[in-house]
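A.B. asks: The sequence and its predicted three-dimensional model are supplied below.
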Amino acid sequence: MANSIENPDRLLTCVEAAKYLNISKSSMDRLRLDGYIPYVKIGKRKIRYKESDLKNLIEKFTFRKGKPRPPELLFL
């Protein structure tokens with residue numbers, strides 16, 4: 001099985017993605033339902049998240065001194 005370095009688009013379950021982001025499963029569901037993170041739907045019920053999308057989410061919400069806060073974060 002390829003590790004995440006070799007395959008940045010591996011699919012993670014909701015629980016795995018929540019652990020990756022260090023948040024609760026319900027927070028992960030909220031991010032998905034509010035449109036903050038794309039997801040893959042497999043069949044009728046299975047939801048998966050691309051690891052690369054999680055990395056992009058982290059980058060989007062990483063703040064550096066001197067950069068303005070994105071307006072969408074004011075309403076979280």
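C.D. replies: Nice, thanks for sending it over.
A.B. asks: Now do stretch 12-29: distance from first to last residue.
C.D. replies: Stretch 12-29 has an end-to-end distance of 13 Å (criterion: C-alpha to C-alpha, to the nearest Å).
A.B. asks: As a check, name the ranges of all helices in the protein.
C.D. replies: Under the criterion DSSP state H, helices of the chain are mapped to 14-21, 25-33, 51-60.
A.B. asks: Just name the most buried of these.
C.D. replies: Ranked by average neighbour count under the criterion mean count of other C-beta atoms under 10 Å, these are headed by helix 14-21 at a mean of 17. Quick note: C-beta positions are derived from backbone N, CA and C, even for glycine.
A.B. asks: Distance from stretch 56-63 to the middle of the chain?
C.D. replies: Using C-alpha atoms, centre = their mean, to the nearest Å, the mean C-alpha position of stretch 56-63 is found 10 Å from that of the whole chain.
A.B. asks: residue contacts, Leu31?
C.D. replies: Applying C-beta atoms under 8 Å, 6 or more residues apart in numbering, we find Leu31 in contact with Ile23, Ile37, Leu57.
A.B. asks: count of residues packed around Lys50?
C.D. replies: 18 (other C-beta atoms under 10 Å).
A.B. asks: Now do it, the pLDDT please.
C.D. replies: Looking at Lys50, its pLDDT is 95.
A.B. asks: From Glu59, how far out is the residue lying closest to it once chain neighbours are set aside?
C.D. replies: Leaving aside its chain neighbours, Lys50 sits nearest to Asp9 (5.0 Å; criterion: C-beta to C-beta, 6 or more residues apart in numbering). Distance, Asp9 to Glu59, using C-beta to C-beta, to the nearest Å: 16 Å.
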